[in-house]
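J.: Structure, please.
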Amino acid sequence: MNEIRYSPIGIIHSPFKKPEGTPIQPIGGKGISGTIEIFPQYVEGLKDLEGF
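T.: Next up, the predicted model:
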């Protein structure tokens, strides 16, 4: 079987630090905010993503 390796392309900043207690449905996260920080070398890959 082929090996699959993952490398991070950014960081998620969230009040949730562990999977336990993290909402799995959008309604469970109502009023909670967070941000996604994309590493500079991957930002160009997001170009035109809004159209999908």
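
J.: so is residue 37 in a helix, a strand, or just coil?
T.: strand (DSSP: H, G, I helix; E, B strand; the rest coil).

J.: so it makes contact with residue 13?
T.: Yes - with contacts counted by CB atoms under 8 Å, residue 37 reaches residue 13, the gap being 6.5 Å. From N, CA and C alone the C-beta is placed, and that goes for glycine too.

J.: backbone phi and psi for residue 26, please?
T.: phi -50, psi -40 (degrees, to the nearest 10).

J.: Now do the contacts for it.
T.: The contact partners of residue 26, by CB atoms under 8 Å, 6 or more residues apart in numbering, come to none.

J.: ok, now the one 10 residues further on?
T.: Residues counted as contacts of residue 36 (CB under 8 Å, 6+ apart) are 10, 11, 12, 13.

J.: which among the residues you listed gets closest to residue 20?
T.: Nearest to residue 20 among the contacts of residue 36 is residue 12, at 16.2 Å by CB to CB.

J.: Out of the contacts of residue 36, give me the one that has the most neighbours.
T.: residue 10 (14 neighbours; other CB atoms under 10 Å).

J.: Please identify the helix or strand for the nearest residue to residue 22 once chain neighbours are set aside.
T.: Of all residues not flanking residue 22 in the chain, residue 16 sits nearest, at 4.3 Å (CB to CB, 6 or more residues apart in numbering). For residue 16, there is no helix or strand it lies in under DSSP states H and E.

J.: Pull up the per-residue confidence for residue 16.
T.: You'll see residue 16 listed with a pLDDT of 91.
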